[in-house]
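Peer 1: Sequence isn't available, so here's the structure alone:
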Ligand SMILES: Cc1cc2nc3c(=O)[nH]c(=O)nc-3n(C[C@H](O)[C@H](O)[C@H](O)COP(=O)(O)O)c2cc1C
């Protein structure tokens, strides 16, 4: 089978759900941000902004607010799942790459591509990572406006796109096996 460093990074990536407190070097954050901004987008609109959150106290506050929202809105199954995983929505990750998007139809897919570029760049640098849709919760809770102001949503209609948590992993996981039965050649 053909392989190279890129294919190896793709094959070995997994969603990491436990981090140690070590900060991530600025050079690595810069490299990941550059990979994110190298993403393709429909007619090259690049309908995104990227906020690299490294403020541990802010991430902890967002985590707590998100967990409280899950609890208060009766999302019992989801709440239970996160409690079983250690009670942390963001797994103590020291970094959150927050992708903001413009309100246009193609932005959702574009943000998905940015997310995967971040995940693969982080993996290639030996960093754990997980794409995190739950990162939207802090912005939907009663303190949402406070968090939006803290991370700089601004007043120009920017919306939550996606979050990607990054840090040095405490846990490892086998990558999921690619299901090649879903592939056909015509
Ligand atoms: C759009 C999207 C949102 C996700 N949101 C979360 C999340 O909020 N929390 C989480 O732990 N994992 C989240 N994941 C990770 C998936 O659960 C994970 O990719 C899937 O279980 C396959 O596992 P793998 O990434 O290790 O191959 C998300 C993945 C995607 C693509």
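Peer 2: Okay, I see it. What you are looking at is a predicted structure, and each value in this text was computed from that prediction instead of being measured.

Peer 1: you'd agree residue 18 is up against residue 169?
Peer 2: Yes. Residue 18 is in contact with residue 169 according to Cβ atoms under 8 Å; the separation is 6.7 Å. C-betas here are computed from N, CA, C, even on glycine.

Peer 1: higher neighbour count, those two?
Peer 2: Higher neighbour count among residue 18 and residue 169: residue 169, with 22 against 18, using other Cβ atoms under 10 Å.

Peer 1: helix, strand or coil for the spatially most central residue of the chain?
Peer 2: Nearest residue to the geometric centre of the chain (Cα atoms, centre = their mean): residue 164, 1.2 Å. Secondary structure of residue 164, reduced to three states by DSSP: H, G, I helix; E, B strand; the rest coil: strand.

Peer 1: Could you measure from it over to residue 53?
Peer 2: 11 Å (Cβ to Cβ, to the nearest Å).

Peer 1: try residue 119
Peer 2: For residue 119, the distance to residue 53 equals 16 Å [Cβ to Cβ].

Peer 1: So for those two, which residue has more residues nearby?
Peer 2: residue 119 (28 against 20).

Peer 1: could you say which helix or strand contains the closest residue to the more buried one other than its chain neighbours?
Peer 2: Leaving out its chain neighbours, the residue that sits closest to residue 119 by Cβ to Cβ, 6 or more residues apart in numbering is residue 129, at 4.9 Å. Under the criterion of DSSP states H and E, residue 129 resides in strand 128-132.

Peer 1: okay, now the residue nearest to residue 119: neighbour count?
Peer 2: Residues near residue 129, counting by other Cβ under 10 Å, number 27.

Peer 1: Now the common contact residues for residue 164 and residue 53.
Peer 2: Shared contacts of residue 164 and residue 53 (Cβ atoms under 8 Å, 6 or more residues apart in numbering): 96, 97.

Peer 1: before we move on, the earlier item: my understanding was that the residue nearest to the centre of the chain contacts residue 128; is that so?
Peer 2: No. With contact defined as Cβ under 8 Å, residue 164 does not reach residue 128; the gap is 10.9 Å.

Peer 1: Between those two, which contacts overlap?
Peer 2: Joint contacts of residue 164 and residue 128 (Cβ under 8 Å, 6+ apart) are residue 122.

Peer 1: now the helices for this protein?
Peer 2: In the chain, the segments counted as helices under DSSP state H are 5-12, 26-37, 56-72, 76-84, 107-124, 137-140, 144-151.
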